[in-house]
Every structure is written in structure tokens, then in C-alpha cells.
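Let's see this in three dimensions:
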Amino acid sequence: MSSIYSKILEIENGNTKAALCTIVSTKGSAPRKTGSKMIVYENGKIDGTIGGGALEKLVIEQAQDVLKNNTSKIVIHNLVKDLAMCCGGTVELFIEPIMNKKKLYIFGLGHIGKSLSKFAVDLDFNVTVIDDRYDAFDNFDIPDCMIIKEHHATAIEKLVFDEHTFVVILTHDHQYDREILALTSKKKHQYIGMIGSERKVEIAKKNMVAFNIMDAEEIKKIDMPIGLDIEAITPQEIAISILAKLIDVRNKK
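Just a heads-up that it's a prediction; the model follows:
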């Protein structure tokens, strides 16, 4: 039987929406003690228990509200006064959304891509790097990073895109970058960013409009040139500027 912690890990690494309900204190007689946990899914199903009965039914409803608002909260229930339960105690719970890790697809494993992938794994992104240059992966060893050694168009057809997907475009070829932008912009995503000079970005924007790939409003949603303006110079500094923007988008969402 899977532990509740393994269930939480599954949720973090997947797309399922769920909240964790933890009893943080009790007074008097209560069906479960401090530390008891229950996972509530968006559809109302649960893993674990905080004691059953009217208390559990109400907390499930409150957890679903937490998921709708994406905001944690503390709730206190007097079992006799509020719920007409014979236990006679008081239960305080902390209800929090279980945050899904964001999928980060990094196209291009040059110096910046390598640095970004390392930093992003450390900051809890599920990272996949894509590059068709086999030698780009020489001496690249990040255990928690998935690698795809094939052409970007083939990879994009295999990858799963959803509202939790971040795309960073950093290849060695400007034409590749534009192709990846055109393909990924039509997929579900939370964020897309492309590296480039102001001239490269302007050319990309004109091409997208000229070939009816993206309209002006869609182009505004693409972060290009990518990253926060922190006067970054080295590949590591540029990677940090990109990661700072990803964190900003992730946390605001």
C-alpha cells in the first residue's frame, strides 16, 4: 500500500489537482490526532483520513474551495457546536494545495542550456532538454534531467504540453528557434521564451505575422528576448536571468 507521502510525490510530478489536509492541533476528544493527513482531489475523492463523519465531509468541501482559490488556509471546527458530533473536542487543520511541478522543456544544450538545466532542477522544475547534436550531451550528467537526442520537430510531437508547461528556446540556429517557436506556440503552455538579440526578435516577430503563424496579441505573450534584464554577461548569469523569469511566472500563477 502506497504511503500518503508517495501519493503527494505522484501529485507533485503529475497534473492532478489535490489539496493536503493536516490536523495541526486538537483539544478534548477528537477522532484523529495531530499530524493525521488526508489528500483531497478535485473531484472529492480522498487518500487517508482525518476521522470520517461530518468533520471529514466538511473538510473535503473546504479543500475543494482551497483548490479553486489556490490559497492555503487554517480551519477550526468545534465538533459538538459546529458539527453535532459526540466526540466533544476541537480540531484545527491546515489545508494547502499540493503544487504540481512545472515541466520545463529546454531546446538547445549549449552553455546557457546546460547551466539553466542544472539550476532549474535544483529549483524543482521537471526538466527535459532537447538537442539533435549528440556531442552536445558530452559530459552532461544531471540525474534528474530527462534528455531527448533528436530533431526538435520530432520531439515536440512526442512531448506532453499542458497549462503547466514552460518552454525555453536556446538553440544554436536562428531558423531552429523560429521553427520551435512556431510549433510550441500552438500547444498548451504556461510560458514560452526565446533567446536572441533585438534584431533577431524583430525578424522572428515579422516572420510569425507574415506567415500567419501568430498574430500580434499572441506574439506579445512570448518572452523574447528571454529573461530578466540584470545586465547578465556569462552563460551562467544569462541562465540565472532566465530562471528568475521562470520563477516569477511560476509563483505569480
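
now the residue nearest to Gly89 when sequence neighbours are not counted: how far from Ile74?
In space, and not counting its chain neighbours, Gly89 is closest to Gly28: 3.2 Å by CB to CB, 6 or more residues apart in numbering. The way it works is simple: take the backbone N, C-alpha and C, and place the C-beta from them, glycine included. Gly28 sits 18 Å away from Ile74, going by CB to CB, to the nearest Å.

contacting residues around Asp177?
Residues counted as contacts of Asp177 (CB atoms under 8 Å, 6 or more residues apart in numbering) are Phe107, Gly108, Ile169, Leu170, Thr171, Met194, Ile195, Gly196, Lys200, Ala204.

Can you list which of those are found in strands?
Phe107, Ile169, Met194 (DSSP state E).

which of those tops the neighbour count?
Ile169 (28 neighbours; other CB atoms under 10 Å).

What pLDDT does the model give it?
pLDDT recorded at Ile169 is 97.

Using the three-state scheme, assign Gln127.
Wrong residue type there; residue 127 is Val, not Gln. strand (DSSP: H, G, I helix; E, B strand; the rest coil).

What residues does it make contact with?
Leu104, Ile106, Ser117, Ala120, Val121, Ile142, Asp144, Cys145, Met146.

Which elements pack onto the helix or strand where Ala153 lies?
According to DSSP states H and E, Ala153 maps onto helix 152-158. With contacts taken as 3 or more CB pairs under 8 Å, 6 or more residues apart in numbering; DSSP states H and E, helix 152-158 sits against helix 174-184.

buried ones in the helix it packs on?
By neighbour count with 16 or more other CB atoms under 10 Å, helix 174-184 contains the buried residues Tyr176, Asp177, Arg178, Glu179, Ile180, Leu181, Leu183, Thr184.
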